[in-house]
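*Asks:* Here is the input, now give the coordinates:
(one chain, ligands or ions: 1)
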Amino acid sequence: MDASWLPSSPVASMAALICFLLWVLTLGYCLKLMARIRRLGVQKEQACEAQLHIQQQLHKLTRTDALTGVWNRQRFGENAEAELKRCQRYTHPLSVLCIDLDHFNEINNSYGHSIGDEVLNGVARLLQSAIRQSDALGRWSGGSFMLLLPHTPLEQALELAEKLRRRIASSNLLVDSPVAVSIGAASLQPDEALETLFQRAEMALSQAKREGRNRTLGCLSELPLATQRGRQAV
Ligand SMILES: Nc1nc2c(ncn2[C@@H]2O[C@H](COP(=O)(O)OP(=O)(O)OP(=O)(O)O)[C@@H](O)[C@H]2O)c(=O)[nH]1
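*Replies:* Numbering: from 1, shown residues only. I've put the predicted structure just below:
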């Protein structure tokens, strides 16, 4: 056997051994480094996913009402504006319902705010479960919601409003007392602005409250001249 490659002296043997050890150490270090880089890559991916999740949650929070989970007023308004343009472009009917809890203040005072919150939540759930996917529900203010009904003329909107009103009145959101809502409806008129459409639904709602609550009223007319002037002056 040819042994010419073997170190010929103890010094050479020692040097070969040191080289071998250095090579083993370097290899170990490289493997460790590679594992660390891989770990960092995974951690970076996880951090990116977490950041994306937080961004999505934030986006959702800024678009939905924290208590009821329905769209907040801003998101509802943006959607309604886009829907209005579509309906005007294709001359489709569009209606809105403004739905307000009757005597909500009394519910809060008698049962406490957290029960008031539960009632509000219950109403939101009832409304959401009764509408079409193409409809949109938004929290409008304290105890009121706005419902957008594309492709729906006033007559059908009033029918739906009555169905919703009856459903809420016969629910047992409060065990020992009925919960009622008043509803104002309005349908888009040619070249009408969104703001005016909402105002007319609110006007009908105010009239329903004045007439005794727990009822539905539609707004057939345009805004009274005084209101229109007031709006233009703003
Ligand atoms: N529990 C609860 N109450 C709220 C919330 N936001 C507003 N409110 C209360 O809702 C009540 C709104 O009352 P109003 O709509 O002014 O009047 P109302 O008592 O409902 O009377 P009508 O609308 O005239 O029938 C006020 O007492 C507010 O404090 C909320 O998020 N949770």
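*Asks:* can I assume Gln207 is in contact with Gly218?
*Replies:* No - under the criterion of C-beta atoms under 8 Å, Gln207 is not in contact with Gly218, lying 9.7 Å apart. To be clear about C-beta, it is placed using only N, CA and C from the backbone, and glycine gets the same treatment.
*Asks:* Which one's more surrounded, these two?
*Replies:* Between Gln207 and Gly218, counted using other C-beta atoms under 10 Å, Gly218 has the larger neighbour count: 21 against 15.
*Asks:* In the sheet, which residues pair with the nearest residue to the more buried one once chain neighbours are set aside? Tell me.
*Replies:* Here the nearest residue to Gly218 in space, its sequence neighbours aside, is Ala185; by C-beta to C-beta, 6 or more residues apart in numbering that works out to 4.4 Å. For Ala185, the beta-bridge partners are Leu97, Gly218 (DSSP bridges).
*Asks:* And Ala185, how far from Thr91?
*Replies:* The gap separating Ala185 from Thr91 is 20 Å, by C-beta to C-beta, to the nearest Å.
*Asks:* Neighbour count: those two, which is higher?
*Replies:* Each of Ala185 and Thr91 has its neighbours counted (other C-beta under 10 Å); Ala185 has more, 31 against 8.
*Asks:* Quick check: next helix or strand after the helix with the most length in the chain?
*Replies:* Counting residues, the longest helix found in the chain (DSSP state H) is helix 10-63. Next helix or strand after helix 10-63 toward the C-terminus (DSSP states H and E): helix 73-89.
*Asks:* and that following helix, what other elements does it pack with?
*Replies:* helix 10-63, strand 94-101, strand 136-141, strand 144-150, helix 194-210 (3 or more C-beta pairs under 8 Å, 6 or more residues apart in numbering; DSSP states H and E).
*Asks:* Quick one: mean pLDDT for that helix?
*Replies:* The average pLDDT within helix 73-89 is 96.
*Asks:* at contact distance from the ligand, anything in that helix?
*Replies:* No - using C-beta under 6 Å from any ligand atom, helix 73-89 stays clear of the ligand, coming no nearer than 12.6 Å.
*Asks:* Can you name the residues of this structure sitting close to the ligand?
*Replies:* So far as C-beta under 6 Å from any ligand atom goes, the chain lies against the ligand at 67, 100-106, 108, 113, 116-117, 120, 142-143, 209, 213.
*Asks:* Tell me which residue is most central in this structure.
*Replies:* For the chain, the residue nearest the mean C-alpha position is Thr64 (3.1 Å; C-alpha atoms, centre = their mean).
*Asks:* Find me the pLDDT at it, would you?
*Replies:* Looking at Thr64, the pLDDT reads 95.
*Asks:* Which residue ranges make up the domains of the protein?
*Replies:* 14-63, 73-221 (automatic domain parsing).
*Asks:* Against the ligand, how distant is Leu194?
*Replies:* Going from Leu194 to the ligand by C-beta to the nearest ligand atom, to the nearest Å gives 23 Å.
*Asks:* ok so, going back, make JSON lines out of the domains of the chain and add distance to Trp5.
*Replies:* What follows is those, written out as JSON lines (distance: least, C-beta to C-beta, whole Å):
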{"stretch": "domain 14-63", "distance to Trp5": "10"}
{"stretch": "domain 73-221", "distance to Trp5": "78"}
